[in-house]
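Peer 1: Sequence and computational prediction follow.
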Amino acid sequence: MSREHVNHREIAAFAQDKVNLPKDKADEYRAQARRLRERLESYVSDHPDFTLKRMQLSGSLAKGTALRSLNDIDVACYISGADAPHKVSELLSYLAERT
């Protein structure tokens, strides 16, 4: 039984149809992250003592390498304050208490 060679065009078509996140969905998710960032910026301007200072889209969506199976949006958070905890689980509680 012989197997045919899979060429670049076929691989690219498979990636487009089955693997890569469509541009319109990526744009929708980026807009969602942008709205969250804008709300945070508004909150921080009204509450300068808030320790979460900045958010930035990161991860595969930011790099343009997100897969069709995307199930989360990575956002980098910039925290100020010497009393901020270093463990993620404690940091989430720390931020939630301050909102």
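Peer 2: Noted; the coordinates are in hand.
Peer 1: Tell me which residue lies nearest the centroid of the protein.
Peer 2: By Cα atoms, centre = their mean, the chain has its centre lying nearest to residue 74, at 2.6 Å.
Peer 1: Wait, it touches residue 66, no?
Peer 2: No - with contact defined as Cβ atoms under 8 Å, residue 74 does not count as touching residue 66 (9.6 Å). For every residue, glycine as well, the C-beta is placed using N, CA and C.
Peer 1: got any residues that touch both of the two?
Peer 2: When Cβ atoms under 8 Å, 6 or more residues apart in numbering defines a contact, the residues bordering residue 74 and residue 66 alike are 59, 60.
Peer 1: Quick one: residues in contact with the longest helix belonging to the chain.
Peer 2: Secondary structure assigned by DSSP state H gives helix 23-46 as the longest helix of the chain. By Cβ under 8 Å, 6+ apart, the residues outside helix 23-46 that reach it are 50, 52-57, 61, 64, 66, 70, 73, 75.
Peer 1: pLDDT below threshold where in the protein?
Peer 2: Low-confidence segments of the chain (pLDDT under 70): 1-2, 99.
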